[in-house]
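S.K.: Any chance you could fold what I've pasted below:
(chains A and B)
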There are 2 protein chains.
Amino acid sequence: MPTRIPVVEKILSANDRMAERNQNTLDQADVFAINIMASPGAGKTSVILKTLETLQGRLRLGVVEGDLASSIDAEKAAAAGLPAVQINTGGECHLDAAMLSDALPALPLSEIDLLLVENVGNLVCPANFQIGTHLNVLIASIPEGDDKPYKYPGMYRDVQALIINKIDLLPYVPFNMEYFRRGVEVLNPGLVTFAVSAKTGEGMAAWTDWLVERVKTK
Amino acid sequence: MPTRIPVVEKILSANDRMAERNQNTLDQADVFAINIMASPGAGKTSVILKTLETLQGRLRLGVVEGDLASSIDAEKAAAAGLPAVQINTGGECHLDAAMLSDALPALPLSEIDLLLVENVGNLVCPANFQIGTHLNVLIASIPEGDDKPYKYPGMYRDVQALIINKIDLLPYVPFNMEYFRRGVEVLNPGLVTFAVSAKTGEGMAAWTDWLVERVKTK
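M.R.: Numbering: from 1, shown residues only, chains lettered A, B, ... in the order given. Here you go, the predicted structure:
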C-alpha cells in the first residue's frame, strides 16, 4: 500500500499572488522597483525629487504615489518631469498589490529603469502587504524622534534599506543617534542606512550610488 | 387591525457599545477624557508632559498610553508623577474601546479629573474607532509639512480640537500656515486650534486654559 506523503505548500494569499504577478511584469520590462514607506511627513516625496536631481540622468525614474486622497505628490513628481501615477486608496492605510497592478499599465515601463513606489504615510499597515517591488525602503526623519524603532518594530524589521532624513534639523531637536541605531540594529542587524537631508542634498550621493549599483546588479 | 410601526434604531457595533460603556464608567467617576491622535513623532507624549507642567496642579491628570510595543511613553508619564497605564496593541494600528475598557480599572479614577489617552501614532486608523472619550484631539506638527489636511482628511474631520506642535521649528522648515489652515477649514470649519511648542512652552497656556474650561463645564 503506497504511503500517503503529506505535501506542504506555502499557500499564497490573493494579495501575494498579485504581488508576484506585479514583479513578473516589472522584471519582463526590466524595471527595478522599490516600495518607499514612512510616517506622514517624513519626506518621501522630497527624497524622491532629490534622488531624481542627484542621479542626474544616470537612471530613468518613474513614480507611483499612494495617498488616501489628493494628487499633490503625483503633481509634484510630474512637474519635475517624472512619469507619475497617483493611487488614491480611498481610506485604506496602505497600498496593496491590486492597486499597484492597476497603476502599472498607466506607466511607460520600457522607458523606466527604477520605479519608486511611495506608499501611504503610515508606520504600521504598509509593512504587512507585499506589493511586488524588489526592495522595501523605510524613511525615518529626525524630528520624529529617536524612539521609533522601539515603537514600530514591524516596519523596521521588514525593510532592506533605511534612510534617515532631515539631518539638517539635528541641531534643533533632541535626537540620540546612538539610541536610534541601537534600536534598529536589534530589529534588523546590519541594515544598510543612509543619513541624508533631502533639503540640503547632504548624504544623497551615497544613497543614489547604492541605488545605481542595485539596479545594475539586479 | 393594528398598523405595524417600523422602528428604526441605530445599531451600534460591538466597539461602539463598549465605547458607550467606557464613557459611562468615566462619567460616573467624574472623569473627562480626551483621545489624542497624531502621526508617529508629532509630539503626543511631549504635549502631555508639558500640559501637566503648564497646568500646575489646576487639574489632576491621568494617562493611558497606546503603542504597538514598548512602554517608553508610560514610563515617561509615570516618571513625571502621573498615574499611567500602557496598552500594547500587539500590531493593531489604533486603540479600540475594548482596550481602553481593560485599561480603566488599572487607574485611580476617583483621583483623576482629566484622562489623556494617547492613541497609536497613525493618521488613518484611529479616526475610525470611538473609544469612549469625550473629545478627540489631533496633534499636527510643523516638520510634517503643511499638506497633511489634504492627504489625511478623515482624521482632520473627526476631531474637536487641533494642536499644531513644534512651532519652534518654523524658521527651519518650509511650512505655509495659510495653506495648512485653509485645508483644515474646508474639512472642519471653525475647528478650535492651538499653535504650540511643547519644547519651549509657547502657546501651552491657551491650550491648558481651554482644557480647564472644558473640564469645568462638562
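S.K.: Show the residue spans covered by the strands in chain A.
M.R.: A:32-38, A:61-67, A:84-88, A:114-118, A:135-141, A:161-165, A:192-195 (DSSP state E).
S.K.: Flag every residue of chain A that's near chain B.
M.R.: A:39-41, A:67-70, A:72, A:91, A:93, A:120-125, A:141, A:143-145, A:147-148, A:150-154, A:166, A:168-169, A:172-173, A:199 (Cβ under 8 Å from any Cβ of the partner chain). The way it works is simple: take the backbone N, C-alpha and C, and place the C-beta from them, glycine included.
S.K.: Please pick the buried ones from those residues.
M.R.: Among the residues of chain A next to chain B, those classed as buried by 16 or more other Cβ atoms under 10 Å in any protein chain shown are A:39-41, A:67-68, A:70, A:72, A:93, A:120-125, A:141, A:143-145, A:147-148, A:150-154, A:166, A:168-169, A:172-173, A:199.
S.K.: Inside helices: which ones of these?
M.R.: A:Ile72, A:Lys148, A:Tyr150, A:Lys151, A:Pro153, A:Gly154 (DSSP state H).
S.K.: wait, which of those residues is closest to B:Ala195?
M.R.: Checking these against B:Ala195 by Cβ to Cβ gives A:Ile72 as the nearest, at 22.7 Å.
S.K.: For beta bridges, what are the partners of the spatially closest residue to A:Asp73 that is not a sequence neighbour?
M.R.: Using Cβ to Cβ, 6 or more residues apart in numbering or on different chains and skipping residues adjacent in sequence, the residue nearest A:Asp73 is A:Glu65, 4.0 Å away. With DSSP bridges as the criterion, A:Glu65 is bridged to A:Gln86, A:Glu118.
S.K.: Next up, the contacts around A:Glu65.
M.R.: Residues in contact with A:Glu65 (Cβ atoms under 8 Å, 6 or more residues apart in numbering or on different chains) are A:Thr45, A:Ser71, A:Asp73, A:Ala74, A:Ala77, A:Ala84, A:Val85, A:Gln86, A:Ile87, A:Glu118.
S.K.: Quick check, central residue of chain A?
M.R.: Chain A has A:Ile36 as the residue nearest its centroid, 1.5 Å off, counting by Cα atoms, centre = their mean.
S.K.: Have a look at chain A and report its longest helix.
M.R.: Per DSSP H, chain A has its longest helix at helix A:14-28.
S.K.: I'd like the distance between A:Gly90 and A:Val186.
M.R.: Taking Cβ to Cβ, to the nearest Å as the measure, A:Gly90 falls 36 Å from A:Val186.
S.K.: Who has more neighbours out of those two?
M.R.: The residue with more neighbours, out of A:Gly90 and A:Val186, is A:Val186; 13 against 8, by other Cβ atoms under 10 Å in any protein chain shown.
S.K.: Show the model's pLDDT score for that one.
M.R.: Per-residue confidence (pLDDT) for A:Val186: 97.
S.K.: One more: the one 4 residues further on?
M.R.: Among the per-residue scores, A:Gly190 shows a pLDDT of 97.
S.K.: Could you do the one 10 residues further on as well?
M.R.: pLDDT for A:Thr200: 97.
S.K.: can you pull the contacts of the residue nearest to A:Val117 when sequence neighbours are not counted?
M.R.: Nearest non-adjacent residue to A:Val117, counting by Cβ to Cβ, 6+ apart: A:Val64, 4.5 Å away. Residues in contact with A:Val64 (Cβ under 8 Å, 6+ apart) are A:Ala84, A:Val85, A:Gln86, A:Ile87, A:Leu100, A:Ala103, A:Leu107, A:Leu115, A:Leu116, A:Val117, A:Glu118.
S.K.: could you flag which of these are buried?
M.R.: A:Ala84, A:Val85, A:Gln86, A:Ile87, A:Leu100, A:Ala103, A:Leu107, A:Leu115, A:Leu116, A:Val117, A:Glu118.
S.K.: can you list those residues in CSV and add pLDDT?
M.R.: Below are the buried ones among the contacts of A:Val64 laid out as CSV (pLDDT from 0 to 100):
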residue, pLDDT
A:Ala84, 95
A:Val85, 96
A:Gln86, 96
A:Ile87, 95
A:Leu100, 97
A:Ala103, 97
A:Leu107, 97
A:Leu115, 98
A:Leu116, 98
A:Val117, 98
A:Glu118, 97
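S.K.: how about stretch A:57-67: buried residues?
M.R.: For stretch A:57-67, by 16+ other Cβ under 10 Å, it's A:Leu59, A:Arg60, A:Leu61, A:Gly62, A:Val63, A:Val64, A:Glu65, A:Gly66, A:Asp67.
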